[in-house]
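> Build me a structure from this.
(2 chains)
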There are 2 protein chains.
Amino acid sequence: MAAFLAIDWGTTNRRGYVVDGGAVQREHEDGLGILEVAASGIGFETALAELKATLGFDGLVLMAGMVGSNRGWVEAPYVRCPAALDDLAANLVWIEPRRVAIVPGLSHLDPPLADVMRGEEVQILGAVGDGSLPPRALVCHPGTHNKWIEVEDGRIAAFRTVMTGELFNLLRRHSILSDQLDGEAAPGAAFRAGVDHGLAHADLTAELFQVRARRLLGQATSDDDASYVSGLLIGNDLKVGLGRQRHDHVHVVGRPELTRLFAAALGQAGRATTEIDGDDAFVAGLSRLAETCR
Amino acid sequence: MAAFLAIDWGTTNRRGYVVDGGAVQREHEDGLGILEVAASGIGFETALAELKATLGFDGLVLMAGMVGSNRGWVEAPYVRCPAALDDLAANLVWIEPRRVAIVPGLSHLDPPLADVMRGEEVQILGAVGDGSLPPRALVCHPGTHNKWIEVEDGRIAAFRTVMTGELFNLLRRHSILSDQLDGEAAPGAAFRAGVDHGLAHADLTAELFQVRARRLLGQATSDDDASYVSGLLIGNDLKVGLGRQRHDHVHVVGRPELTRLFAAALGQAGRATTEIDGDDAFVAGLSRLAETCR
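As a prediction, this is how the structure comes out:
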């Protein structure tokens, strides 16, 4: 199989991988997410040409993520669940015939529930494709918008999004808690206490203020508020995501610094976990799609 | 009783009232909250002098709110609950003897619960003082940080803070939902649907993303997302605040544009409500404190 360029093109950054024979030969990450492309006015065509030049690559390009959203280069309509890799392949949006394509995102409609994803589907179905994820699994994909994904018969059958990562960032950057949340979240005692509270209680919006009040009143025993709040939000997230799910094993796919936090919290919730590197799964997914383009 | 100047000095703005014989004679509001005083470098003494000049007033000044916090003019330590007006009077912090004082805030400690308020205590105890609030009541005080306050024997016995207003503002200003939340929240059908969901479900952080996904998938039947999200957050807030409380009547104290939203939601939760104007209650509270200063 000839080399191709896989691009995970998101809102605030992008990562390109030159893949040959299923292995990454070169990669490059920069801040040219879709918002920056729009703000800088350089246009997607130029932005792609620059990335290809940086990586010294010319050939098939497959892109996934927000580049296919209504704020991206060309909108690639959502494919409705249940969906497998073949469904993504059948709905590629070609910008340049047989040269440059955008992979569609997925939608899940189960009224009144409605949900969407862009980018995670490549990782999940890639992990199914390379065998790291079984054909029936409950998957947690942490990120700005955490996804809980039900895989059945090797297809993405249903999913639900929780705004955990975005809320953590909003609290850290813009809230009255900003001063207290400047550390990095790590899975120690403060994190575990947060997870315990989030799993046991439905008072997230009140408990957040406790973080400030305890400090003002000298009641805080930990200076690790970022870890506590991260644990609190993740515990709350797990309660939503695990819900009525009976899986005793959860596969956590994504960036290792996030999957380790969710895996730790899932352990507290009594679940066995397997962590899967999202970059590897992304490359695996696009490699299978690239095969269908030859 | 001689005239005095009552100031509600908050984080982002301040309101001054010249009160004579229990009635407001003149008032002035501006953006010189404690953050702006610090940013502008003019200092609190000058900021107060300017307000007195604007209002043509010279005499006793009583101030409440964030001006007494650790980021304010002089820190007025929290008085621990249960607390009545007399406890506030006994703990005034005098900046200029018998001329200029800051009213302390309240703390509530019931480990592991810890909580604080600054400013609301004057309104609540003022409303008790003028008879608009009974000596035993459950009070909801909406604002950036909504307070649920238990009044017993005419004293503030306990309270709990929910970050509802701040979360709504964070979502409106900085989140992926910003574009959809630019309207004003009003207690119509979309608001009621949000309240219903917030009261019935514990999946706030997932339901927020639904607001975006339904729009992307053409499932949204309302263009009033600000009202829906406001209702969702308030419904969630009520679930926390009402908790195990058995009160079938709730007094809602604060700014009328907020009390009407909370009163509408409390009606959906089967509670009778009475709305009390927070400005009136503030002036009533400081008037009683002023009497103790003669």
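
> so A:Gly65 makes contact with A:Glu120?
No: judged on C-beta atoms under 8 Å, A:Gly65 makes no contact with A:Glu120 at a distance of 9.1 Å. C-beta here means a position set from N, CA and C on the backbone, and glycine is covered the same way.

> quick one: which of those two has more around it?
Neighbour count, other C-beta atoms under 10 Å in any protein chain shown: between A:Gly65 and A:Glu120, A:Glu120 has more, with 28 against 25.

> so where do the helices sit in chain A?
Using DSSP state H, the helices of chain A run over A:34-40, A:44-55, A:85-90, A:120-129, A:164-174, A:189-200, A:204-216, A:225-242, A:256-268, A:278-291.

> Can I get the shortest one in PDB? Just the C-alpha atoms.
Same thing as helix A:85-90. The C-alpha coordinates for helix A:85-90 follow below in PDB (Å, rounded to 0.1, in the frame of the first residue of the first chain):
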ATOM      1  CA  LEU A  85     -15.800   1.800   8.800                       C
ATOM      2  CA  ASP A  86     -17.500   0.800   5.500                       C
ATOM      3  CA  ASP A  87     -20.100   3.500   6.200                       C
ATOM      4  CA  LEU A  88     -17.500   6.100   6.600                       C
ATOM      5  CA  ALA A  89     -15.700   5.000   3.400                       C
ATOM      6  CA  ALA A  90     -19.000   5.200   1.500                       C
END
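
> buried sites along it?
A:85, A:87-89 (16 or more other C-beta atoms under 10 Å in any protein chain shown).

> How about the first one?
Neighbour-count burial for helix A:34-40, with 16+ other C-beta under 10 Å as criterion, is recorded at A:34, A:36-37.

> Return the distance of that helix from the chain's centre.
The chain centroid and the centroid of helix A:34-40 are separated by 21 Å under C-alpha atoms, centre = their mean, to the nearest Å.

> Average the pLDDT values over it and round to the nearest integer.
For helix A:34-40, mean pLDDT is 94.

> Can you pull out the residues in contact with that helix?
A:9-12, A:32, A:43-44, A:47, A:66-67, A:69, A:71-73 (C-beta atoms under 8 Å, 6 or more residues apart in numbering or on different chains).

> Buried members of those into ChimeraX, please.
The ChimeraX selection below is limited to those of those classed as buried (16+ other C-beta under 10 Å):
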select /A:9,10,11,32,44,47,66,67,69,72,73
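
> Please name the nearest non-neighbouring residue to A:Ala101.
A:Leu92 (4.3 Å; C-beta to C-beta, 6 or more residues apart in numbering or on different chains).

> what's that neighbour in contact with, if anything?
Contacts of A:Leu92 (C-beta under 8 Å, 6+ apart): A:62, A:76, A:101-104, A:289, A:293.

> again with A:Ala272
Here A:Ala272 is in contact with A:248-250 (C-beta under 8 Å, 6+ apart).

> burial of A:Val19, as a residue count?
Should you count by other C-beta under 10 Å, A:Val19 turns out to have 25 residues around it.

> From what I see, it and A:Ala290 are in contact.
Yes: assessed by C-beta under 8 Å, A:Val19 is found in contact with A:Ala290 at 7.4 Å.

> For the two, list the residues in contact with both.
With C-beta under 8 Å, 6+ apart, A:Val19 and A:Ala290 have common neighbours A:4, A:6.

> which regions of the stretch 151-294 of chain A lie under the pLDDT threshold?
A:221-222 (pLDDT under 70).

> which bits of the stretch 151-294 of chain A sit near chain B?
Residues of the stretch 151-294 of chain A found near chain B (C-beta under 8 Å from any C-beta of the partner chain) are A:160-164, A:166-167, A:170-171, A:173-176, A:202-206, A:208-210, A:212-214, A:216-217, A:219, A:233, A:236-237, A:239-240.

> Buried only: go through the residues you listed for me.
A:160-164, A:166-167, A:170-171, A:175-176, A:202-206, A:208-210, A:212-214, A:216-217, A:233, A:236-237, A:239-240.

> and stretch A:245-257, which residues are buried?
A:250-254.

> for stretch A:259-272, same thing?
So stretch A:259-272, judged by 16+ other C-beta under 10 Å, has buried residues A:259-266, A:268-269, A:271.

> so who does the residue minimising distance to the centre of chain A touch?
In chain A, the residue lying closest to the centroid (C-alpha atoms, centre = their mean) is A:Gly143, at 4.4 Å. A:Gly143 makes contacts with A:120, A:165, A:254-255, A:258, as judged by C-beta under 8 Å, 6+ apart.

> Out of those, which comes closest to B:Glu150?
Closest approach to B:Glu150 among those (C-beta to C-beta): A:Gly165, at 35.5 Å.

> contacting residues for the closest one?
A:142-146, A:258.

> can you give me the strands in the stretch 51-200 of chain A?
A:60-64, A:79-80, A:93-96, A:100-102, A:106-110, A:113-117, A:137-141, A:146-152, A:155-162 (DSSP state E, counting those that start in this stretch).

> now these as JSON lines including distance to B:Gly188?
As requested, the strands of the stretch 51-200 of chain A are arranged in JSON lines below (distance: least, C-beta to C-beta, whole Å):
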{"stretch": "strand A:60-64", "distance to B:Gly188": "40"}
{"stretch": "strand A:79-80", "distance to B:Gly188": "32"}
{"stretch": "strand A:93-96", "distance to B:Gly188": "39"}
{"stretch": "strand A:100-102", "distance to B:Gly188": "39"}
{"stretch": "strand A:106-110", "distance to B:Gly188": "26"}
{"stretch": "strand A:113-117", "distance to B:Gly188": "22"}
{"stretch": "strand A:137-141", "distance to B:Gly188": "36"}
{"stretch": "strand A:146-152", "distance to B:Gly188": "31"}
{"stretch": "strand A:155-162", "distance to B:Gly188": "27"}
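
> Can you give the distance of stretch A:267-280 from its chain's centre?
The chain centroid and the centroid of stretch A:267-280 are separated by 14 Å under C-alpha atoms, centre = their mean.

> for stretch A:84-93, same thing?
19 Å.

> what does stretch A:17-31 give?
With C-alpha atoms, centre = their mean, you get 19 Å for stretch A:17-31.

> Which positions within that stretch qualify as buried?
A:17-19.

> So of the contacts of A:Gly165, which two are at opposite extremes in space?
For the contacts of A:Gly165, the maximum inter-member distance is 12.0 Å, found between A:His145 and A:Leu258 (C-beta to C-beta).

> how close does A:Leu35 get to chain B?
Distance, A:Leu35 to chain B, using C-beta to the nearest C-beta, to the nearest Å: 11 Å.

> swap in A:Ile7?
Taking C-beta to the nearest C-beta, one finds A:Ile7 at 22 Å from chain B.

> With A:Met66 instead?
Taking C-beta to the nearest C-beta, one finds A:Met66 at 11 Å from chain B.

> any idea how far that residue is from A:Arg118?
6 Å (C-beta to C-beta, to the nearest Å).

> ok, A:Arg173 - contacts?
Taking C-beta under 8 Å, 6+ apart as the test, what A:Arg173 contacts is B:His174.

> same question, A:Val24
A:17-18, A:283.

> before we move on, what about A:His108?
Taking C-beta under 8 Å, 6+ apart as the definition, contacts of A:His108 comprise A:80-81, A:114-116, A:158-160.

> Now do the contacts for A:Thr161.
A:115-117, A:145-148, B:206, B:209, B:213.

> Any chance of a ChimeraX selection covering the buried ones in those?
Buried residues among these (16+ other C-beta under 10 Å), as a ChimeraX selection:
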select /A:115,116,117,145,146,147,148 /B:206,209,213
